[in-house]
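Chemist: I'll drop the sequence and a predicted model, then ask my questions.
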Amino acid sequence: MRIDIMTLFPDTVGDMLCESVLGRAQERGYIRIECHQIRDYTVNKQKQVDDAPYGGGMGMVMQADPLYRCWEHICGEAGFRVHTVSMSPAGKLFRQEDAKRLKEYDRLILVCGHYEGIDERFVEECVDEELSIGDFVLTGGEIPALAVADAVCRLVPGVLSDESCFTEESHWNGLLEYPQYSRPEIWHERRVPEILLSGHHVNIAKWRKRQSLLRTLSRRPDLLKDARLDKDSAKVLEELRLEQDHSSPGEP
């Protein structure tokens, strides 16, 4: 899989994606991530990529033409129109399901906006979808692009050592992941749960399922509406809800 990132800060973005797991995956040829400096596609000596907005207002707007020239170069190199995602606070909220969906493309373009945003005409002509990583505003689209690239690339076969590395994590099946522990057995007078020291894998699996459901119910109950639960999990969840109701303080 290949991801092309259109950005004003290619060195910073590229360095981040060449470290750790994704760096090793690139070395082994499972994925390829290329960053493109948008300023290289301007037609003036100043390499200007922004200008004042029509209609007035604060800030500057990224011009459509440099973005288009960069996008056109990438698509021309690919030999087809590459699925293009713009990182925008006005976009759809990015979720794990989107990472799974985007992983199915052989090639993606991620566009990093800046300033007050990008000229809407570029969005209309070249962008297939807009995504946001949360209900807040950042100074640029680089951090969201890093997040999306990381979330998508780690799902590509071969990037992680085993499929269970991501299928048992938070949000894969609509639940949060169970608590994790490592050595030492006792730290600051806090012990690792005895069940995890038992060596009984069936009981450990049951404990982890229960803890995953409990954590989701306590912290993100909104996720349970769309969670894919088997019969055993649904039964455990009902038990946890009853326990939660019984432990809640009574009405005054």
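Modeler: Sure thing, it's come through. Everything numeric here is computed off the predicted structure, so don't read it as measured data.

Chemist: ok, residue 65 touching residue 43?
Modeler: Yes: under the contact definition of CB atoms under 8 Å, residue 65 touches residue 43, with a separation of 7.4 Å. Any C-beta I mention is one placed from the backbone N, CA and C, and that applies to glycine too.

Chemist: those two: who's more crowded?
Modeler: Counting neighbours by other CB atoms under 10 Å for residue 65 and for residue 43 shows that residue 65 has the greater number, 14 against 9.

Chemist: now the phi/psi pair for that one, please.
Modeler: Main-chain torsions, residue 65, degrees, to the nearest 10: phi -70, psi -50.

Chemist: report the contact partners of it.
Modeler: 42, 43 (CB atoms under 8 Å, 6 or more residues apart in numbering).

Chemist: also residue 229?
Modeler: So residue 229 contacts 174, 237 (CB under 8 Å, 6+ apart).

Chemist: any idea how far residue 212 is from it?
Modeler: Separation of residue 229 from residue 212 (CB to CB, to the nearest Å): 11 Å.

Chemist: please apply the same query to residue 105.
Modeler: 30 Å.

Chemist: what about the two, which has more around it?
Modeler: residue 212 (21 against 16).

Chemist: need the contact list for that one.
Modeler: Per CB under 8 Å, 6+ apart, neighbours of residue 212: 175, 176, 177, 178.

Chemist: of those residues, select the buried ones using a PyMOL command.
Modeler: Buried residues among those (16 or more other CB atoms under 10 Å), as a PyMOL selection:
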select buried, resi 175+176+178
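
Chemist: name the nearest residue to residue 125, ignoring sequence neighbours.
Modeler: residue 68 (7.2 Å; CB to CB, 6 or more residues apart in numbering).

Chemist: what is the burial count for the one you found?
Modeler: 16.

Chemist: CA atoms of stretch 3-17 as PDB?
Modeler: Output of stretch 3-17 as PDB, limited to C-alpha atoms (Å, rounded to 0.1, in the frame of the first residue of the first chain):
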ATOM      1  CA  ILE A   3       0.100   6.800   0.900                       C
ATOM      2  CA  ASP A   4       1.000  10.200  -0.600                       C
ATOM      3  CA  ILE A   5       0.700  13.100   1.800                       C
ATOM      4  CA  MET A   6       0.400  16.700   0.500                       C
ATOM      5  CA  THR A   7       1.900  19.000   3.100                       C
ATOM      6  CA  LEU A   8       3.800  22.200   3.800                       C
ATOM      7  CA  PHE A   9       6.000  20.300   6.200                       C
ATOM      8  CA  PRO A  10       7.200  17.100   4.500                       C
ATOM      9  CA  ASP A  11      10.300  16.600   6.500                       C
ATOM     10  CA  THR A  12       8.500  16.600   9.800                       C
ATOM     11  CA  VAL A  13       5.700  14.300   8.700                       C
ATOM     12  CA  GLY A  14       8.100  12.000   6.900                       C
ATOM     13  CA  ASP A  15      10.400  11.600   9.900                       C
ATOM     14  CA  MET A  16       7.500  10.600  12.100                       C
ATOM     15  CA  LEU A  17       6.300   7.900   9.700                       C
END
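
Chemist: only the buried residues of it, if you could.
Modeler: Here stretch 3-17 shows 3, 4, 5, 6, 7, 8, 9, 10, 13, 16, 17 as buried, counting by 16+ other CB under 10 Å.

Chemist: JSON lines for the residues you listed, including pLDDT and secondary structure?
Modeler: Output for these, formatted as JSON lines (pLDDT from 0 to 100; DSSP: H, G, I helix; E, B strand; the rest coil):
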{"residue": "3", "pLDDT": "98", "secondary structure": "strand"}
{"residue": "4", "pLDDT": "98", "secondary structure": "strand"}
{"residue": "5", "pLDDT": "98", "secondary structure": "strand"}
{"residue": "6", "pLDDT": "98", "secondary structure": "strand"}
{"residue": "7", "pLDDT": "98", "secondary structure": "strand"}
{"residue": "8", "pLDDT": "97", "secondary structure": "coil"}
{"residue": "9", "pLDDT": "96", "secondary structure": "coil"}
{"residue": "10", "pLDDT": "96", "secondary structure": "helix"}
{"residue": "13", "pLDDT": "93", "secondary structure": "helix"}
{"residue": "16", "pLDDT": "89", "secondary structure": "helix"}
{"residue": "17", "pLDDT": "90", "secondary structure": "helix"}
